[in-house]
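Student: Provide a 3D model corresponding to the input given below.
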Amino acid sequence: MKIKFFLLVLLSGVLLSCTQVQQQKPTYKPADNALLMATLYNYYAAEYQALCYQAYNVAKERIALLHKEFPRKKNMAVVVDIDETVLNNSPYPAHIIEKNGHFPSCWDTWCNLAVARPVPGAVSFLKYADSLGFHVFYVTNRSIKLKAATMKNLRKFGFPQVTDDHMYMRTTTSNKEPRRQMISKKYDIVLLAGDNLGDLYEASGKYPQRNKQAETLRKQFGVKYIVLPNAMYGSWASALGLNAKKAPVDSLLKVMTKRFGNACK
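Tutor: The predicted structure is shown next:
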């Protein structure tokens, strides 16, 4: 009952107008529903909040140093993702869990409501970047048709530089590298923030290549790349095959527990 209550708080009338998800009795189990636990974590956990503040505190320190080192440089840019980087969409997966639905059901409805709240620390950091003269660009894989609603949502909470020329929506591809290259033609991108490695650089597609690539770039994390926590969804899941109809969960768990032996027998 407590889990049901927490989900209802997340929803709290936000998606009552959505009719795309079939009404069914929830079948989730708190102990084994990973999306449920991740969603509750991203909305309620103080640890999630602390991680976000930590990420943006580091980001503030970085741009302060850059501003001090290059006080006359006028083309330095900060690039941020939107979903789970500056806006928290936890009520959306809560709705999906409650209705036994799946993405992208009601996603457009949710975005058009323009009520997603800021990720902790995001507004403060971007306002600070703006005050120092940094150019702020929002590079998101939200569809171009959601641009107006997304800008409305950002402006509602005081995000800076929310203008047409600073919004890079998805048009033909989810790969963000071409959009970053467009920005780089006029600006020096000195810091990027995102919850997905693809928000930062052109990440390799599969495990373990993604992990090896991240290891080679380890000195850039906390310097040029700022990562926000998000266990609800992302390329990490597809890299492990978890988005497939027959997800290889059993084989993945066997690899993880191989060294455990017969300890519980």
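Student: what is the rounded mean pLDDT of the helix or strand Ser251 falls within?
Tutor: Under the criterion of DSSP states H and E, Ser251 resides in helix 249-256. Averaged across helix 249-256, pLDDT comes to 85.
Student: before we move on, what about stretch 91-105?
Tutor: Mean predicted lDDT for stretch 91-105 stands at 88.
Student: now it: buried residues?
Tutor: The neighbour-count check on stretch 91-105 (16 or more other C-beta atoms under 10 Å) flags Pro91, Tyr92, Pro93, Ala94, His95, Ile96, Ile97, Glu98, Lys99, Gly101, Ser105 as buried. For every residue, glycine as well, the C-beta is placed using N, CA and C.
Student: same thing with stretch 67-78?
Tutor: His67, Met76, Ala77, Val78.
Student: for the second one, which residues make a bridge with it?
Tutor: The residues listed as beta-bridge partners of Met76 by DSSP bridges are Asp188.
Student: which residues touch stretch 110-129?
Tutor: Contacts to stretch 110-129, defined as C-beta atoms under 8 Å, 6 or more residues apart in numbering, come from residues 14-15, 18, 49, 52-53, 55-57, 59-60, 63, 78, 80, 83-89, 91-92, 95, 136, 142, 146, 149-150, 152-153, 156-161, 228.
Student: buried ones only from the residues you listed, please, as a ChimeraX command.
Tutor: In ChimeraX, selecting the buried portion of the contacts of stretch 110-129, with burial taken from 16+ other C-beta under 10 Å, looks like this:
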select :14,15,18,49,52,53,55,56,59,60,63,78,80,83,84,85,86,87,88,89,91,92,95,136,142,146,149,150,153,159,160,161,228
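Student: among the contacts of stretch 110-129, name the ones in strands.
Tutor: Judged by DSSP state E, those include Val78, Val80, Leu87, Asn88, Val136, Arg142 as members of strands.
Student: in CSV: the residues you listed, plus pLDDT and distance to Arg170.
Tutor: Converted to CSV, these look like this (pLDDT from 0 to 100; distance: C-beta to C-beta, whole Å):
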residue, pLDDT, distance to Arg170
Val78, 98, 20
Val80, 99, 15
Leu87, 98, 15
Asn88, 98, 20
Val136, 98, 19
Arg142, 98, 6
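Student: can you redo the residues you listed as a markdown table with distance to Lys212?
Tutor: Formatted as a markdown table, the ones in strands among the contacts of stretch 110-129 follow (distance: C-beta to C-beta, whole Å):
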| residue | distance to Lys212 |
| --- | --- |
| Val78 | 27 |
| Val80 | 26 |
| Leu87 | 31 |
| Asn88 | 30 |
| Val136 | 31 |
| Arg142 | 30 |
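Student: looking at those, spot the one nearest Ser238.
Tutor: Taking C-beta to C-beta as the measure, Ser238 sits nearest to Arg142 out of those, at 18.2 Å.
Student: got the contact list for that closest one?
Tutor: For Arg142, the contact set (C-beta under 8 Å, 6+ apart) comprises Ile82, Asp83, Cys111, Thr150, Met169, Arg170.
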